[in-house]
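Undergrad: Structural data only, the sequence is not supplied:
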DNA sequence: CTACATACGTAATAACGTAACGCCGGGACG
DNA sequence: CGTCCCGGCGTTACGTTATTACGTATGTAG
């Protein structure tokens, strides 16, 4: 969890990050590719390479259960803890939060097992408040 | 979290579950397909259909970050809480555990958000104790 | 200049997953 | 008994997601 600022983004990285930010929600790599064809993108690898870096920088998260990617919701993407996601299966909205207490318990477990943790995926599927209304 | 016993498995379901149990670790759907060619399997759908049911019965878990499946480690697969997985990136070993306290905190969050939880994915990536030894 | 590292472009292919169709066997029920 | 429905099955074809392999360009350290 570094506090440093990230390297300047390359053109491709900036384009991919822009797509995700504008979308305001998750996009698949191929959806990004389609959005960026007009900007000269031709092949999946251009997207995947940029995504790899953006994920490495912590600016983008991968949603494993969706095979999709989302811009980190923290303005400026400053340092923060492990992110968790609540994914509404009705409307597709994704809420990001940082379950610090739960993570601390999970880390207790890894410590007791001698497991050296490098990355955590927490994804909750269900129905958001909006989609829950009885009407 | 039902306490009932599961329906009798069909032939295909039993074959797929057997593969996963024998493997003692995660397998991809296509790896299972290859293992079962001698038993008459020909197409991915045969595997996926069986896996869908086995996951529904709680006998098999899907590892989202691996696109793979693993037999539930609870003998007899009796009723149990949400499972979490620690995946060693060196040796591939997967440890299943039930992080009840962490889940309870995550449920606190969903409750406060009005989010109706249906399914939870928790996957920890890192290095297991065995692979951590200094030598 | 050379060596090395990083980003990039492109083509091809691998890996993962699903739609659509039809068949079959068994239970419900008139 | 007939027939209706349903779950499981087999097969073909296809769609989606991700990577391998190869070559080019550019920057920087030695």
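TA: That came in fine, so what should we check first? All values derive from a computational prediction rather than experimental measurement. Numbers count the residues shown, from 1 in each chain, chains lettered A, B, ... in the order given.
Undergrad: list the contacts for the spatially most central residue of chain A?
TA: Chain A has residue A:61 as the residue nearest its centroid, 1.7 Å off, counting by Cα atoms, centre = their mean. When contacts are counted by Cβ atoms under 8 Å, 6 or more residues apart in numbering or on different chains, residue A:61 touches A:55, A:69, A:70, A:72, A:83, A:85, A:96. For glycine as for every other residue, the C-beta is placed from the backbone atoms N, C-alpha and C.
Undergrad: Tell me the one among these nearest to DNA strand D.
TA: Of all the contacts of residue A:61, DNA strand D sits closest to residue A:69, with 8.0 Å by Cβ to the nearest atom of the strand.
Undergrad: which SS class is the closest one?
TA: strand (DSSP: H, G, I helix; E, B strand; the rest coil).
Undergrad: Would you check that it makes contact with residue A:59?
TA: No - in this structure residue A:69 lies outside contact range of residue A:59 using Cβ atoms under 8 Å: 10.3 Å.
Undergrad: more neighbours, the two?
TA: Taking neighbours as other Cβ atoms under 10 Å in any protein chain shown, residue A:69 and residue A:59 compare with residue A:69 leading, 25 against 20.
Undergrad: one step back: of the contacts of residue A:61 - the most surrounded one?
TA: Highest neighbour count within these, by other Cβ under 10 Å: residue A:69, with 25 neighbours.
Undergrad: if we can go back for a sec, from DNA strand C, how far out is the residue nearest to the centre of chain A?
TA: 19 Å (Cβ to the nearest atom of the strand, to the nearest Å).
Undergrad: Need the phi and psi values for that residue.
TA: phi -110, psi 150 (degrees, to the nearest 10).
Undergrad: How about the longest strand anywhere in chain A and chain B, any contact?
TA: As assigned by DSSP state E, the longest strand anywhere in chain A is strand A:116-127. Yes - using Cβ under 8 Å from any Cβ of the partner chain, strand A:116-127 reaches chain B at A:116, A:117, A:118, A:119, A:120, A:121, A:122, A:123, A:124, A:125, A:126, A:127.
Undergrad: related to what we said a few turns ago, restricted to helices, list the contacts of residue A:61.
TA: Counting by DSSP state H, these place residue A:55 in helices.
Undergrad: What residues does residue A:120 make contact with?
TA: Shown in contact with residue A:120 (Cβ under 8 Å, 6+ apart): A:82, A:103, A:106, B:122, B:123, B:124, B:125.
Undergrad: Can you give the strand pairings for the longest strand of chain A, parallel or anti for each?
TA: With DSSP bridges as the test, strand A:116-127 is paired with strand A:84-88 (parallel), strand B:116-127 (antiparallel).
Undergrad: got the contact list for the shortest one?
TA: Contacts made with strand A:84-88 from outside it, assessed by Cβ under 8 Å, 6+ apart, are listed as A:61, A:63, A:65-66, A:70, A:93-99, A:102, A:122-128, A:130-131, B:106, B:109-110, B:113, B:115.
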